[in-house]
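Trainee: no FASTA, just this:
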């Protein structure tokens, strides 16, 4: 029951984040779909974590070099996702209002991804590995 409620809440917040992204693109005043390229960052964000989880053995060490490298790459991906719409707005490919909506969507989506790994990544009997 608790995991189902968490999954519903994460789905709802993901939908809110994607709504912000779509509003930044599809509103008639903005009308440019370049910000949709941040979807690539959403998809590649968890990949370093998955690779580090597979490669590193779960030893007693609190941290490993592989896991730290995965955090580094994930941080680079997240920072790039926030920088991309700012650069697009700076070169006037999109308007600053669209940039703000995309940044708000980025914040919600990345918090949703973080929440997913915090809720389902504990390795107990109900984990994200079932999905």
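Mentor: Yep, it's here. What you see is a predicted model, and the numbers here were worked out from it, not measured in a lab. Numbers count the residues shown, from 1 in each chain.
Trainee: if I look at the residue lying closest to residue 6 once chain neighbours are set aside, how far off is residue 13?
Mentor: Distance criterion Cβ to Cβ, 6 or more residues apart in numbering; nearest residue to residue 6, sequence neighbours excluded, is residue 119 at 4.6 Å. Using the backbone N, CA and C atoms, a C-beta is placed for each residue, glycine as well. Plainly put, residue 119 is 12 Å away from residue 13 if you go by Cβ to Cβ, to the nearest Å.
Trainee: can you check residue 69 too?
Mentor: Residue 69 is 28 Å from residue 13, where distance means Cβ to Cβ.
Trainee: do residue 92 as well
Mentor: Counting by Cβ to Cβ, the gap from residue 92 to residue 13 is 31 Å.
Trainee: between the two, which one's more packed in?
Mentor: For residue 92 versus residue 13, the count of surrounding residues by other Cβ atoms under 10 Å is larger for residue 13: 17 against 8.
Trainee: re earlier: let me know the pLDDT of the residue nearest to residue 6.
Mentor: Residue 119 carries a pLDDT value of 86.
Trainee: Please report how far it lies from residue 4.
Mentor: Separation of residue 119 from residue 4 (Cβ to Cβ): 11 Å.
Trainee: Looking at these two now, which is surrounded by more residues?
Mentor: Here residue 119 and residue 4 are compared on neighbour count by other Cβ under 10 Å; more neighbours surround residue 119, at 18 against 9.
Trainee: What lies in contact with whatever helix or strand the more buried one lives in?
Mentor: In the assignment (DSSP states H and E), residue 119 maps to helix 96-120. Residues from elsewhere that reach helix 96-120 (Cβ atoms under 8 Å, 6 or more residues apart in numbering): 3, 6-7, 9-10, 13-14, 16-21, 23-25, 27, 29-30, 32, 35, 38, 42, 45-46, 49, 78, 81-82, 85-86, 88-89, 94, 126-128, 131.
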